[in-house]
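need a structure here:
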Amino acid sequence: LDNDGRMSVFSGNRALVLGNDASRVAVDIDPANGFRRLVWESDSEPLKIEGGRIFSLIDARDVYIKGLLAELDTLALGIMQAVNLQHAAGYDLDGNAVTGTPFQDFFTGSGAGDMQVNPALVSDPRGIAASAGSGPGDAENARLIALLREAKIMGGTYTCEDYYRGLVARVGIDAQATEKDAENTRILTEQIERWRQSVSGVSLDEEMVRLIEAQHAFQAASRAITVMDSALETIINRMGVVGR
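Purely as a prediction, here's the structure:
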């Protein structure tokens, strides 16, 4: 606040609001990650946001959620690699090995965002390598692919289902911890506000008691003045005529 009671607001070492002047803020695309960001309209320099609600939202987007997406990519790549490896060892409906053909990979993609069934298999399902090569009616390779759900394909430690459950559980724990932190902060803020009010605030109950006390004191003073006035009147107007 300045001497006139006006509030100034700064972002980093630059003023958003200074006296009667305000700087305009715009939104553009960060070339580093393709995300939207806040910039100064005058020179397109990014705002230095180091706290508050906006900082929390940006941090969640750029750090926390980005980390979760990376782990989902890891899960997707683990599934694709394991399934594709097993699929490449099989034979299609016509008894042909799929290794080295467009049907070799069951999945294509580089992560969770673009993971999909091989378009060649979607166009021609006969290319699915369900057989292990033992002839008509053989679906051994399809069974082995299905069993990958129970295999520890994630780093040799976790199944894909365990890995995903761990990821979801961690998100839940983090959300619960954040809610508790927010509640603790709210309680602390309320306590600080009570302390501030106890020092500088006004209690309506206390002020009402004091007002009643002042009213009674005024009434008592008025009564005393009335009594004194009556006594003076008696002394002046009546005592002077005794014996006449």
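
all contacts plus neighbour counts: C-alpha atoms, from now on.
OK.

hey, where'd the helices end up in the chain?
Here the chain has its helices, by DSSP state H, at 52-59, 65-87, 119-123, 140-147, 160-200, 204-237.

tilt between the fourth one and helix 65-87?
To tie it back to what came earlier, the one meant is helix 140-147. For helix 140-147 against helix 65-87, the angle by axes from the mean of the first three to the mean of the last three C-alpha atoms, to 10 degrees is 160 degrees.

next one: the last one
With the same axes, to 10 degrees defining the directions, helix 204-237 sits at 160 degrees from helix 65-87.

Give me the distance between helix 204-237 and the centre of its chain.
Centroid separation between helix 204-237 and its chain, computed with C-alpha atoms, centre = their mean, to the nearest Å, is 63 Å.

Please apply the same query to the longest one.
Centroid separation between helix 160-200 and its chain, computed with C-alpha atoms, centre = their mean, is 11 Å.

and if you look at stretch 198-208?
Mean-position distance between stretch 198-208 and its chain equals 37 Å (C-alpha atoms, centre = their mean).

Export only the CA atoms of that stretch, formatted as CSV.
Extracted C-alpha coordinates of stretch 198-208, given in CSV (Å, rounded to 0.1, in the frame of the first residue of the first chain):
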residue,chain,number,x,y,z
SER,A,198,-8.2,-10.7,19.6
VAL,A,199,-5.6,-7.9,19.3
SER,A,200,-7.2,-5.4,16.9
GLY,A,201,-10.7,-6.6,16.3
VAL,A,202,-13.9,-5.4,18.0
SER,A,203,-16.2,-7.8,20.0
LEU,A,204,-19.8,-6.8,19.6
ASP,A,205,-20.7,-8.4,22.9
GLU,A,206,-18.0,-6.5,24.8
GLU,A,207,-18.9,-3.3,23.1
MET,A,208,-22.6,-3.8,24.0
